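Enquirer: requesting a structural model of the entry that follows:
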Amino acid sequence: MDRLSRSCALAALAGSLLAGHAGAAIIDSSSYFTSLPHTLIDFELDANGDPLGLIDGESLEMPLTAYSTQGVTFTQQARWVNDGSPAFDAAQLIGGSWDHSIPSAFVNSFAFTFDVPVRAFGFWVVNNQNLDPDGPVFRAYDAQNQLIEQVQFTGTVVDSTITDGVTVAGYGFMGIEADRDIARVEVQKRAAIFDDLRFSAVPAPGTAALGGLAGLLLSRRRRAS
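Expert: The predicted structure is shown next:
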């Protein structure tokens, strides 16, 4: 490969890396947040900070400002729920905080805003794969109402399933990392619950490392010119 071809190849690779860095990434594990300062909302406390005590199958309307002191304000009504399905309970216990979550079967779409700078967020998800094989969707928007990224509960974000009777509970962690502040999140679902909301203002080191690699390739290209 001659110098011109080598320079063009390096530029193309660097451009593709930078394009990925300038967008967003899907988070498929709660371990993403392990080494990052982050906030966890486990939905086990009510708006007054008291433990919820819902029985199996019971739900309760959640005030929009229930978690505003932690940086999250709901703009559409959600509900706390104690799901009564044994398969859902078992799946929730694997990666969530048993036994309360959001929302109930009465709510299939809701939204919330972040009142603090946030570059990454995610939920532990349990979904009835029989009723909704496509899975719920998260859409993240910036302060200018521009869509940053969307992710659907399918593929690598689904860790496994637990079957009990006619219920096939798929479970896993699903979230989005962005290169700019996430202002609002919209959620659509048919047969899912969400638990253990985690969010952070700090992106994982891997993203910065990717940008650094792209910069190195561009530098090599300049030296080769």
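
Enquirer: how much space separates the nearest residue to V72 once chain neighbours are set aside from L52?
Expert: In space, V72 comes closest to F112 once its chain neighbours are excluded; the distance is 5.4 Å by Cβ to Cβ, 6 or more residues apart in numbering. (Each C-beta comes from the backbone N, C-alpha and C, glycine too.) Counting by Cβ to Cβ, to the nearest Å, the gap from F112 to L52 is 18 Å.

Enquirer: of those two, give the one with the bigger neighbour count.
Expert: Ranked by neighbour count (other Cβ atoms under 10 Å), F112 and L52 place F112 first, with 21 against 16.

Enquirer: the residue nearest to V72 contacts F74, doesn't it?
Expert: Yes - shown here, F112 and F74 form a contact pair, counting by Cβ atoms under 8 Å, at 4.6 Å.

Enquirer: which parts of the protein are helices?
Expert: 3-21, 86-95, 205-224 (DSSP state H).

Enquirer: centroid-nearest residue for this structure?
Expert: G175 (1.7 Å; Cα atoms, centre = their mean).

Enquirer: shaky segments in this structure?
Expert: 1-22, 206-225 (pLDDT under 70).

Enquirer: break down it into its strands, ranges please.
Expert: Using DSSP state E, the strands of the chain run over 24-27, 39-41, 59-62, 72-74, 78-81, 109-114, 120-128, 137-141, 147-152, 160-164, 167-178, 184-188, 192-200.

Enquirer: so what's V168 up against?
Expert: By Cβ atoms under 8 Å, 6 or more residues apart in numbering, V168 lies in contact with A87, N128, Q129, N130, T161, I162.

Enquirer: spatially nearest residue to it (excluding sequence neighbours)?
Expert: Nearest one to V168, counting by Cβ to Cβ, 6+ apart, is Q129 at 4.4 Å.
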